[in-house]
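*Asks:* predicted coordinates and the sequence they were generated for:
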Amino acid sequence: EANRYRGENALVKRRSTVSASIAVIASIVLAGSALAAFAGAANGSFESGTGDPGAYVQVNAGSTVLTGWAVSAGSIDWIGTYWPASAGTKSVDMNGAGPGTISQVLATTIGKTYVVTFALSANAAGPVAVYTLSVGATGATSQAYTFDRAVNANTLANMMWQAKQYSFVATSATTALTFASGVATGAYGPALDNVVVTEKSAA
């Protein structure tokens, strides 16, 4: 009788241990799902695309050469070795033959705040003194950012990248994040790299 009691007691303990283990695993899975709920921007440093840009290659409206990004207006240059990137080895000049616009659709949660950080510089080979880049998101007000070459004195060897930040509150389950050149003419535009989008945690 004592042996049977000990056996039953051990079985109960084993069941309790298994149940506890399952609960721990489930909580880890749920936590992981919560952390992975927002994927962020794809190819934010423009490393991935069709082919290799070499020094640079012009990408026109309608093209999906850049993984995760669409050129929605005008044209841009996908930069390879023409100047050093802020992150990785590639970046973009927001003017190709003329001003361009790129966009990416993000999966967002209505009411959540999203913070967009990015690196801004300018094509140092051009004649423009102040380069403007506009950043916007669906349902949110766009914001203009400037890079003043007279102040920052960047060169093609040293781009003097600057960290910038934009934030928006999502108004739908999908949000188009857009970057647009504010340099109206010419092939020398603001330079963009290292786009990172994060979902702001609740206070």
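*Replies:* Cool, got the structure. Numbers count the residues shown, from 1 in each chain.

*Asks:* and the closest residue to Gly49 other than its chain neighbours, how many neighbours?
*Replies:* Closest residue to Gly49 apart from its sequence neighbours, by CB to CB, 6 or more residues apart in numbering: Leu66 at 4.7 Å. (Glycine included, C-beta is placed from N, CA and C.) Per other CB atoms under 10 Å, the neighbour tally for Leu66 reads 23.

*Asks:* same thing with Ala187?
*Replies:* For Ala187, the neighbour count with other CB under 10 Å is 17.

*Asks:* that one touches Gly96, doesn't it?
*Replies:* Yes. The pair Ala187 / Gly96 is scored as a contact, 6.8 Å apart, by CB atoms under 8 Å.

*Asks:* so which elements touch the helix or strand containing Gln104?
*Replies:* Using DSSP states H and E, Gln104 sits in strand 100-107. Secondary-structure packing of strand 100-107 (3 or more CB pairs under 8 Å, 6 or more residues apart in numbering; DSSP states H and E): strand 70-79, strand 174-181.

*Asks:* overlap of the contact sets of Ala187 and Gly96?
*Replies:* Residues touching both Ala187 and Gly96 (CB atoms under 8 Å, 6 or more residues apart in numbering): Asp77.

*Asks:* next up, the contacts around the residue nearest to Gly49.
*Replies:* Contacts for Leu66 were tallied using CB under 8 Å, 6+ apart; they are Asn43, Phe46, Ser48, Gly49, Val59, Trp78, Val92, Ile102.

*Asks:* quick one: pLDDT of it?
*Replies:* Per-residue confidence at Leu66 stands at 97 (pLDDT).
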